[in-house]
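J.: Below are the sequence and a predicted model for it; my questions follow.
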Amino acid sequence: MILLRAIGPVTHRLMSMEQWRAESELACLVQPKTYVATGNMVVEAAMELAEVEARTDGILRGFGLPAGVTAVVRRPVDIAGLIAGNPFVDESRTRPSQVAVFLAKGAGEFSWVQEWQGEERVHVVDDRQLIVDYPMEVSKSRLSPGLIERRSKTVLTARNWNTIVALNQRALERPN
């Protein structure tokens, strides 16, 4: 799965999801399927994750997108494991748009989580993934995605629980 960081209206003017799929196929990524227009792609590739990331970043630069728009890549098994290990099961069911998964491009520095004293609950999955339970709208939280990225000292992209589950489902539906 490929999840783009920093995708928005400017990105869409420079690159449509249809164009991204077409260029991904040319880069030997097999059967690219996007999910909503927010930079999510389920794809197959006979290469290492780092190579998928590098090829996708090359595609993004080819469209003239800035370096801040970058690819974070995960295997379907990684996302399935994240879902299975979710510590916020009830919250994910009752308010999935307020449970966010933060996925790091590289290893993150997550020791700050132990000292966090806000209302939000933060679970460190590993050195590349966090799950945050926001008891309020994410936009009203002091623990903004930007703050999480700065404190973690790595590039991160976030998706709400609905999106993570939907991407996982699309990966499971692919023929083997």
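T.: Alright, I've got the coordinates.
J.: residue ranges for the strands of the protein, please.
T.: With DSSP state E as the criterion, the chain has strands at 2-5, 30-34, 40-44, 70-73, 99-104, 121-126, 129-133, 156-160.
J.: who does the fifth one touch, helix- and strand-wise?
T.: Packing contacts for strand 99-104, counted by 3 or more CB pairs under 8 Å, 6 or more residues apart in numbering; DSSP states H and E, involve strand 129-133, helix 145-152, strand 156-160, helix 161-172. No exception for glycine: its C-beta is placed from N, CA and C like everyone else's.
J.: Can I get the first one in PDB? Just the C-alpha atoms.
T.: As requested, the backbone C-alpha atoms of strand 129-133 are provided in PDB (Å, rounded to 0.1, in the frame of the first residue of the first chain):
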ATOM      1  CA  GLN A 129       3.700   3.500  13.500                       C
ATOM      2  CA  LEU A 130       1.500   5.200  16.200                       C
ATOM      3  CA  ILE A 131      -2.200   5.000  16.800                       C
ATOM      4  CA  VAL A 132      -3.900   8.000  18.400                       C
ATOM      5  CA  ASP A 133      -7.300   8.100  20.100                       C
END
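J.: tell me how far it is from the chain's mean position?
T.: Remark: strand 129-133 is offset 11 Å from the chain centroid, using CA atoms, centre = their mean, to the nearest Å.
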